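J.: I would like the atomic coordinates for the input below:
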Amino acid sequence: MDYKASGVDIDAGNETVRRIRALARSTFTSGVLSEIGSFGGLFRLEPGQYREPVLVASADGVGTKLKVAFLAHRHDTIGSDLVNHCVNDILVQGAEPLFFLDYLATGQLSPAVAESIVGGIAAACRDNSCALLGGETAEMPGFYGEGEYDVAGFIVGVVDRPRLISGRTIAVCSRRIARTYRSFVRCSMAGASRGWRTSPAAALRTTCRACFPMARPR
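T.: Numbering: from 1, shown residues only. Predicted coordinates for the structure are as follows:
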């Protein structure tokens, strides 16, 4: 038995890497020291840019909006939301994003779908001056339904320690907004089936907005 017989398509994996390599490179900043395909991503802080640098890290997903993407067959906004959720999480502590990593898991890898997701990730990374440093794509036959996948994002940012914000009050609001947003998605799906005006495709056009470009720490 080989990989393909077990449900893992090596050719699809190679094609996916070929498609997303340029997308990731388009986000690279001066701090990136590694290439796409390395086992680990390398990033260098500029000497003297921060007096007492503190790294701030976070991880997030996009929740039930994935179900809407599956229905509408549109995946780029999933990538944008993933980045912006993470950027907003570290912003409440005063941090500016440095680099981002993504994880995509699916039962049967589609290079076209992966390219669309990573295209959205790359666009949001560029908007937030954040490098897409690397990621992982996992093909797990039989684990997900046909056409379904899951994504997760991981971000690392930096803030000078004297400018660090506790974020206690803001973080509570941020979590509340995220819960409300995900409830909206579920209602949009249910409403579409009852003839409401909001369709899954329209719900996907409503993306999470990154606050960093407007509230860049000074």
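J.: which non-adjacent residue is nearest the residue nearest the centre of the chain?
T.: In the chain, the residue lying closest to the centroid (Cα atoms, centre = their mean) is L82, at 3.1 Å. Closest residue to L82 apart from its sequence neighbours, by Cβ to Cβ, 6 or more residues apart in numbering: G153 at 4.2 Å. All C-beta spots, glycine's among them, are computed from the backbone N, C-alpha and C.
J.: That neighbour: how many residues sit nearby?
T.: 26 (other Cβ atoms under 10 Å).
J.: just D89 next, same as before
T.: 23.
J.: same deal with the one 5 residues further on?
T.: Using other Cβ under 10 Å, G94 has 22 neighbouring residues.
J.: I'd guess it is in a helix, am I close?
T.: No: checked against DSSP: H, G, I helix; E, B strand; the rest coil, G94 lies outside a helix; its state is coil.
J.: so after the one helix or strand F70 maps to, what's the next helix or strand?
T.: Here F70, judged by DSSP states H and E, is contained in helix 65-72. Reading on from helix 65-72 to the C-terminus, the next helix or strand found by DSSP H and E is helix 76-91.
J.: May I have the strands that pair with the helix or strand just after that following helix, each with its orientation?
T.: Proceeding N to C from helix 76-91, the next assigned helix or strand is strand 96-106, under DSSP H and E. In the sheet containing strand 96-106, the strands it pairs with under DSSP bridges are strand 131-139 (parallel), strand 149-160 (antiparallel).
J.: Output strand 96-106 as PDB - backbone C-alpha positions only.
T.: The C-alpha coordinates for strand 96-106 follow below in PDB (Å, rounded to 0.1, in the frame of the first residue of the first chain):
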ATOM      1  CA  GLU A  96       2.100  45.100  16.600                       C
ATOM      2  CA  PRO A  97       2.200  41.800  14.600                       C
ATOM      3  CA  LEU A  98       5.500  40.400  13.500                       C
ATOM      4  CA  PHE A  99       4.600  37.000  11.900                       C
ATOM      5  CA  PHE A 100       1.800  34.600  11.400                       C
ATOM      6  CA  LEU A 101       1.500  30.800  10.900                       C
ATOM      7  CA  ASP A 102      -1.500  28.800   9.700                       C
ATOM      8  CA  TYR A 103      -2.700  25.300  10.000                       C
ATOM      9  CA  LEU A 104      -5.100  23.700   7.500                       C
ATOM     10  CA  ALA A 105      -6.600  20.300   8.000                       C
ATOM     11  CA  THR A 106      -8.800  18.500   5.500                       C
END
